[in-house]
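Enquirer: how would this look folded up:
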Amino acid sequence: MSLYNYTIRINSKDTRKIFNEVISSYQNENYRSAINSLYSTVLYDLIYKLKYLSNFYDDSTAENILDKVENKQKENSTNSSWELNLIDDVYKRTQIIDNSLYADIISLKRYRNLCSHPSLVDKKLTLPSPNPEIVSGLMNSILVKLFNKAPNLISNITDNFTNDISDKKEKLLLDSKFRLNYLKNFYLNNLEIEQEEKLLDNLFKFIFIKTGTPFDENREVNYLVFIDIIKTNEETFMKYLENIKCKDLLFKDESGILKKYFSRFIAEFPEFIHHIKEYALNDIINYSRENFIDWLLNPELFNLNLKDTISAVVQVFEYKHDSFYENNCESIYEPFKNLVKKCDLKFDIDDVIQYKFSKDELNLIKMKSEILGGKDLFINFIIDMYLNSYNYAQAQQRLIYIKMYINYMNEEKYLLKLLNGANNNSQIYGEFNSAPYIRSVVFKKFINYKNKNDIPKYKDTFSNLEIE
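Expert: Residues are numbered from 1 along each chain as shown. Sure, this is the predicted structure:
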């Protein structure tokens, strides 16, 4: 990455402005000036970071170091001893300066002293000037190790991160685009890969291992940001997670919340099931046997795939719908009964029929369907579920799913299937929300694929919808 790209990533606009003076001096071959201004920029940025930690995170160590600097300057404003005290205190008492950065700053201080004081050796007067390679090396090193470090990521990264996420929980839960942009701009763009991995390690524990009020209250937002972080570098982070000790899960909570979230996690990353202990895997399998949605989203646990589970579920919908109109239709859901036996499922068909899907759950089914080779599986699942509504209330509830994905299913074959099915189900064409939506949205999208002269014909074809 170029010096410019690193410079624009400096967190403090004032530090960035001062550092541009360093660059200007260097580009004009004023290497002594570059060293002096770089040293001043280091001191300024250290104080800026300490003030940030003190003001925004009540960091008592940062506040104490600042008080010492202020008292030293008040005692003697011309004595520069506070500078080394500041550097040493920050190095020894905070996480701002590591060993490598400390060596660079001490080296910079030494060059700064040499460049600022004339030398008289053997009666020869000189004012030393560092070579450009030394200046360039210090500029680049300190820029990356210090100036590019955001102050909110210096103290306790995990605590600062989780506290911040908790404070902004309401907005982060509602807006996935905002959440991802916020994570990237305020955290991920400023973290080293090792810091991101450590953060994931801790989030894994908070979501899947820890219980209690603070963990329960923030489990959902922590889970969402955990998934967002993984997806920014999925191959690297999943490999890391597969090797951490957190994979030895126990799921000790009685409420089942830990199993619920872990089931959700492996639904997104099913390959992870190969990296946990057998007893933990058995716990998740048993949990999924008892909970319809977890079984549906995790067919891999039962050596099935999503096509198997969705096909069986759709047949349950068809059975429930048809049983309202005719007898002897139990054979329709025979495949589901076979899966109940094969998987030793503990829920019944009413749990399937009455289930109300969340948007996150549907998006997960959509994603898994696309991985299997396209969108047909998911779209037909949504449409079949809606078209087999067996009362007005259910039609109204399932219409929400159609509205969510109407643009995704905006193809003639899907729209035609919707229109035909709605026209043949009185619980849809007679329901006061469904019928108007089918007329005003679905039919209008459908006729965009047809010749205008054919519109009267299709109005007659779907006569029960009373399209005007």
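
Enquirer: Quick one: residues contacting the residue minimising distance to the centre of the chain.
Expert: Central residue of the chain (C-alpha atoms, centre = their mean): Asp228, 1.7 Å from the mean position. If you count contacts by C-beta atoms under 8 Å, 6 or more residues apart in numbering, Asp228 has them with 176, 179-180, 183. Where you see a C-beta, it was placed from the backbone N, CA and C, and this is true even at glycine.

Enquirer: which secondary structure element contains it?
Expert: Using DSSP states H and E, Asp228 sits within helix 213-232.

Enquirer: As CSV, could you dump the C-alpha coordinates of that helix?
Expert: This file holds the C-alpha atoms of helix 213-232, laid out as CSV (Å, rounded to 0.1, in the frame of the first residue of the first chain):
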residue,chain,number,x,y,z
THR,A,213,-27.9,-11.2,31.8
PRO,A,214,-25.2,-9.2,29.9
PHE,A,215,-24.6,-12.1,27.4
ASP,A,216,-28.3,-12.8,27.0
GLU,A,217,-29.2,-9.2,26.3
ASN,A,218,-26.6,-8.7,23.6
ARG,A,219,-26.5,-12.3,22.1
GLU,A,220,-28.5,-11.4,19.0
VAL,A,221,-26.5,-8.3,18.0
ASN,A,222,-23.2,-10.0,18.9
TYR,A,223,-24.2,-12.9,16.7
LEU,A,224,-25.0,-10.7,13.7
VAL,A,225,-21.8,-8.8,13.9
PHE,A,226,-19.9,-12.1,14.4
ILE,A,227,-21.4,-13.4,11.2
ASP,A,228,-20.7,-10.1,9.4
ILE,A,229,-17.0,-10.2,10.5
ILE,A,230,-16.6,-13.8,9.3
LYS,A,231,-18.0,-13.0,5.9
THR,A,232,-15.5,-10.3,5.3
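
Enquirer: could you point out which element follows that helix?
Expert: Following helix 213-232 in sequence order, the next helix or strand is helix 234-243 (DSSP H and E).

Enquirer: In the stretch 351-468 of the chain, mark out all the helices, start to finish.
Expert: For the stretch 351-468 of the chain, the helices defined by DSSP state H, counting those that start in this stretch occupy 359-372, 376-387, 392-405, 412-423, 426-429, 434-437, 443-447, 455-461.

Enquirer: and of these, who's closest to Ile266?
Expert: Closest of those to Ile266 is helix 359-372, at 11.1 Å (criterion: C-beta to C-beta).

Enquirer: out of the contacts of Asp228, who's nearest Lys49?
Expert: Using C-beta to C-beta, those come closest to Lys49 at Leu183, 21.3 Å.

Enquirer: I figured that closest one hits Ile229, correct?
Expert: Yes. The pair Leu183 / Ile229 is scored as a contact, 6.7 Å apart, by C-beta atoms under 8 Å.

Enquirer: of the two, who's got more company?
Expert: The residue with more neighbours, out of Leu183 and Ile229 and counting by other C-beta atoms under 10 Å, is Ile229; that gives 22 against 19.

Enquirer: So that one is in contact with Tyr240, correct?
Expert: No. Ile229 is not in contact with Tyr240 according to C-beta under 8 Å; the separation is 11.2 Å.

Enquirer: quick one: pLDDT of Ile244?
Expert: You'll see Ile244 listed with a pLDDT of 69.

Enquirer: actually His321, not the one I typed
Expert: 68.

Enquirer: List the buried residues for the helix holding Asp228?
Expert: Residues 215, 218-219, 221-230 are the ones in helix 213-232 that count as buried (16 or more other C-beta atoms under 10 Å).

Enquirer: And stretch 124-144, by the same measure?
Expert: 129-130, 135, 138-139, 141-144.

Enquirer: Could you dump the helices of the stretch 351-468 of the chain into a markdown table with distance to Ile23 added?
Expert: Shown next, in a markdown table, are those (distance: least, C-beta to C-beta, whole Å):
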| stretch | distance to Ile23 |
| --- | --- |
| helix 359-372 | 46 |
| helix 376-387 | 53 |
| helix 392-405 | 51 |
| helix 412-423 | 58 |
| helix 426-429 | 68 |
| helix 434-437 | 60 |
| helix 443-447 | 56 |
| helix 455-461 | 67 |
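
Enquirer: So which of the ones you listed is nearest Leu306?
Expert: Leu306 lies closest to helix 359-372 among those, at 5.1 Å (C-beta to C-beta).

Enquirer: report the angle between the axes of that closest one and helix 213-232?
Expert: 30 degrees (axes from the mean of the first three to the mean of the last three C-alpha atoms, to 10 degrees).

Enquirer: Enumerate the positions of helix 359-372 that are buried.
Expert: Buried residues in helix 359-372, defined by neighbour count with 16+ other C-beta under 10 Å: 361-362, 364-366, 368-369.

Enquirer: Which residues outside that helix are in contact with it?
Expert: Outside helix 359-372, the residues that reach it (C-beta under 8 Å, 6+ apart) are 264, 267-268, 293, 296-297, 305-307, 310, 375-378, 381-382, 401, 404-405, 408.

Enquirer: Try it again at 6 Å.
Expert: 267, 306, 377-378 (C-beta atoms under 6 Å, 6 or more residues apart in numbering).

Enquirer: next one: stretch 375-394
Expert: For stretch 375-394, contacts defined as C-beta under 6 Å, 6+ apart pick out 310, 314, 317-318, 320-321, 324, 365-366, 369, 395, 398, 401-402, 405, 409, 414, 417-418, 421, 427, 431.

Enquirer: Restricted to buried residues, select those residues in PyMOL.
Expert: Here is the PyMOL command that selects the buried residues among the contacts of stretch 375-394 (16+ other C-beta under 10 Å):
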select buried, resi 310+314+317+318+320+321+365+366+369+395+398+401+402+405+409+414+417+418+421+427+431
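
Enquirer: and the buried residues of helix 359-372 as JSON lines, adding pLDDT?
Expert: Formatted as JSON lines, the buried residues of helix 359-372 follow (pLDDT from 0 to 100):
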{"residue": "Glu361", "pLDDT": "95"}
{"residue": "Leu362", "pLDDT": "96"}
{"residue": "Leu364", "pLDDT": "94"}
{"residue": "Ile365", "pLDDT": "95"}
{"residue": "Lys366", "pLDDT": "95"}
{"residue": "Lys368", "pLDDT": "93"}
{"residue": "Ser369", "pLDDT": "93"}
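
Enquirer: how much space between the closest residue to Ile230 other than its chain neighbours and Leu199?
Expert: Distances taken as C-beta to C-beta, 6 or more residues apart in numbering put Phe237 closest to Ile230, at 4.7 Å, once the chain neighbours are dropped. For Phe237, the distance to Leu199 equals 10 Å [C-beta to C-beta, to the nearest Å].
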